[in-house]
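[1] fold the stuff below for me.
(one chain, ligands or ions: 2)
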Amino acid sequence: MRAASRSVDLNLQGIRSGDRRALSRFLTLVENNRDAVADQLAELPPPFDDNQIIGVTGPPGSGKSTLIAALTKLYRERGRSVAIVAVDPSSPFTGGALLGDRIRLKALAGDKGVFIRSMASRGSLGGLAWRTQDVVRVMVSAGFDYVIVETVGAGQTEVDIARLSPTTIVVQAPGAGDDVQANKAGLLEIADILVVNKSDLPGAERAKNALQAMLDLGRPTKTQAQDNPIWVPPIVLTSAIEERGINDLAERIASQFRYLQKHGLLVEFQERQLRAEFMHRLRETLQGRLFDTFTAEEFAGIIRRMVQERIDPQRAVDQLLQNLEFRRRK
Ligand SMILES: Nc1nc2c(ncn2[C@@H]2O[C@H](COP(=O)(O)OP(=O)(O)OP(=O)(O)O)[C@@H](O)[C@H]2O)c(=O)[nH]1
Ligand SMILES: [Mg+2]
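    Residues are numbered from 1 along each chain as shown. Ligands and ions are numbered 1, 2, ... in the order given. Below is the predicted model of the structure:
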């Protein structure tokens with residue numbers, strides 16, 4: 001036990017000094033057995049200060065991975081390091097659907113300034129957002145200038161994951177008709193920057209106009225904007241495959257980050273984030289303790305009594321908690 005914990009400590013040092021194997025191994029522990037590395041995780045400072053965490057989401061196939069690869073290439077040319085997390089909530093396995101990402105991002109492999117990690121749901125969506133959060137935190141501690149998180153924007157889990165980033169880019173491609181795909185999944189609300197990718201294909205301008213029209217509906221009046229500065233998401237046209245519009249996108253990302261810093265919004269974001277994580281972990285811990293204290297048989301007995309003796313569920317909960325108090329004092 002002691003030896004194991006020491007070797008993880010060493011890993012932590014390795015991670016900070018850029019040891020990729022240590023980083024991979026530690027992330028595997030974080031994903032598979034968080035309790036075993038909870039102490040080490042606790043030593044990692046909460047993120048969001050200097051490093052930039054960028055969430056990239058949008059409908060399947062809109063070109064997120066290709067865009068991330070192009071953006072990463074640009075950041076590398078500027079001498080910045082990049083960690084990429086590709087999250088696939090629809091897959092219980094690492095690999096499979098993510099193989100495509102691997103191939104697209106392959107051009108970046110072998111570069112010491114780039115680190116790519118895939119994450120799958122492992123059957124339960126519940127903790128995926130928080131597991132992603134842990135992984136991002138470790139990557140930040142490993143010193144990457146940018147941590148980019150890719151999720152397919154299709155459901156609540158993806159939206160939850162996108163909320164973890166102070167900067168969220170919603171990528172969509174020109175679709176059939178005037179359909180704004182991103183709006184369906186409620187992604188427009190969380191977008192800090194909107195990208196119409198595949199602008200080499202027909203319909204990109206039309207998609208941009210449709211997005212602009214949707215944004216205009218929700219745009220605050222000038223007066224409101226003066227009292228309380230509101231970020232209006234810019235719409236950027238890109239062609240990830242032809243590497244066009246990438247500079248513009250990087251510029252928008254930088255100015256959104258400056259905006260967050262200038263208005264103290266990073267701190268606010270971090271507070272919100274920590275509060276949410278605290279409440280989540282509190283619930284998990286209390287529930288865990290409860291299930292440690294009472295056996296499945298005892299729970300089954302309570303349900304039986306509720307049915308047979310017509311006990312109100314809230315009353316049953318109160319009785320159970322009284323029982324818990326009683327056991328503690330014993
Ligand atoms: N024409 C064109 N095709 C693109 C562009 N960007 C990506 N593609 C193609 O679109 C397809 C999907 O690209 P990905 O980068 O895998 O898209 P994704 O959004 O990451 O896909 P998922 O992760 O599966 O949701 C691939 O065949 C890409 O080559 C672009 O700018 N123009
Ligand atoms: Mg992808």
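
[2] just the pLDDT for the residue most central in space within the chain.
    Nearest to the geometric centre of the chain sits Ile161, at 3.4 Å (C-alpha atoms, centre = their mean). For Ile161, the model assigns a pLDDT of 72.

[3] what's the answer for Asp179, then?
    For Asp179, the predicted pLDDT is 58.

[4] and the residue nearest to the centre of the chain, helix, strand or coil?
    Put simply, Ile161 is helix when judged by DSSP: H, G, I helix; E, B strand; the rest coil.

[5] contacting residues for it?
    55, 57, 87, 89, 128-129, 132, 149, 151 (C-beta atoms under 8 Å, 6 or more residues apart in numbering). (Glycine included, C-beta is placed from N, CA and C.)

[6] out of those residues, which comes closest to Glu205?
    Within the contacts of Ile161, the smallest distance to Glu205 is 22.7 Å, found for Thr57 (C-beta to C-beta).

[7] now do the same for the closest one: helix, strand or coil?
    Assignment for Thr57 (three-state DSSP): strand.

[8] wait, it touches Leu164, no?
    No: the criterion here is C-beta atoms under 8 Å, and Thr57 misses it with Leu164 at 10.9 Å.

[9] which one of the two has more residues nearby?
    Legend: neighbour count by other C-beta atoms under 10 Å for Thr57 and Leu164, higher for Thr57 (28 against 23).

[10] quick one: pLDDT of that one?
    So, for Thr57, pLDDT stands at 89.

[11] ok, the one 5 residues further on next?
    At Ser62 the predicted local confidence, pLDDT, stands at 90.

[12] wait, doesn't it sit right on Val170?
    No: look at Ser62 against Val170 with C-beta under 8 Å: they stay out of range, at 9.0 Å.

[13] which of the two has more neighbours?
    Val170 (30 against 26).

[14] just the residues contacting the helix or strand hosting Ile303, thanks.
    Assigning secondary structure by DSSP states H and E places Ile303 in helix 296-308. Helix 296-308 is contacted by residues 311-313, 316, 320 when judged by C-beta under 8 Å, 6+ apart.

[15] which of the residues in the longest helix along the chain are buried?
    Using DSSP state H, we find that the single longest helix of the chain is helix 265-293. The neighbour-count check on helix 265-293 (16 or more other C-beta atoms under 10 Å) flags 265-266, 269, 273, 276-277 as buried.

[16] now stretch 203-215
    203-204, 207-208, 210-211, 215.

[17] with secondary structure and distance to Arg258 added, can I get those in a markdown table?
    As requested, the buried residues of stretch 203-215 are exported to a markdown table (DSSP: H, G, I helix; E, B strand; the rest coil; distance: C-beta to C-beta, whole Å):
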| residue | secondary structure | distance to Arg258 |
| --- | --- | --- |
| Gly203 | coil | 32 |
| Ala204 | helix | 27 |
| Ala207 | helix | 27 |
| Lys208 | helix | 24 |
| Ala210 | helix | 28 |
| Leu211 | helix | 23 |
| Leu215 | helix | 21 |
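
[18] mind listing the helices for this protein?
    With DSSP H as the criterion, the chain has helices spanning 2-16, 20-32, 38-43, 64-77, 98-104, 128-141, 156-162, 181-184, 204-218, 222-227, 246-262, 265-293, 296-308, 313-329.

[19] between these, which gets nearest to ligand 1?
    helix 64-77 (3.3 Å; C-beta to the nearest ligand atom).

[20] the closest one close to ligand 2?
    Yes: against ligand 2, helix 64-77 shows contacts by C-beta under 5 Å from the ion at 64-65.
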